[in-house]
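**Q** predicted model and sequence follow; I will ask about them next.
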Amino acid sequence: MSFRVHVRVMPRTGLLDPQGQAVEHALSALGFAEAGGVRIGRAIELEVAAASRGEAETRVRQMCDKLLANPVTEDYLLEVEES
């Protein structure tokens, strides 16, 4: 079976997010002062061949832990769907 997995990687809450701060300041300078708490992350989409949804999720978690996310500074969320 094949599964499409959406991974959302974000900086951990409470850690400094320089990109988010830069975008927040730029939005304010452009007249969008109501925007706040800006955080910048990454979206990753994968096709994974696996016997089950659980196996696909396990494999992608391993990918995230080893390469796609920094486990010290980032958190990630997975969404698995059949292709």
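**A** Noted; the coordinates are in hand.
**Q** contacting residues for the residue nearest to residue 6 when sequence neighbours are not counted?
**A** Here the nearest residue to residue 6 in space, its sequence neighbours aside, is residue 79; by C-beta to C-beta, 6 or more residues apart in numbering that works out to 4.3 Å. Heads up, the C-betas are built off the backbone N, CA and C, glycines and all. Contacts for residue 79 were tallied using C-beta atoms under 8 Å, 6 or more residues apart in numbering; they are 5-6, 8.
**Q** can you select the buried ones among these for me in ChimeraX?
**A** Only the buried entries of those go into this ChimeraX selection, using 16 or more other C-beta atoms under 10 Å:
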select :5
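**Q** save the contacts of residue 79 as CSV, and put in distance to residue 45 and secondary structure too.
**A** As requested, the contacts of residue 79 are arranged in CSV below (distance: C-beta to C-beta, whole Å; DSSP: H, G, I helix; E, B strand; the rest coil):
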residue, distance to residue 45, secondary structure
5, 7, strand
6, 5, strand
8, 10, strand
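**Q** from the contacts of residue 79, pick the one nearest residue 73.
**A** Taking C-beta to C-beta as the measure, residue 8 is the one of the contacts of residue 79 closest to residue 73, at 15.0 Å.
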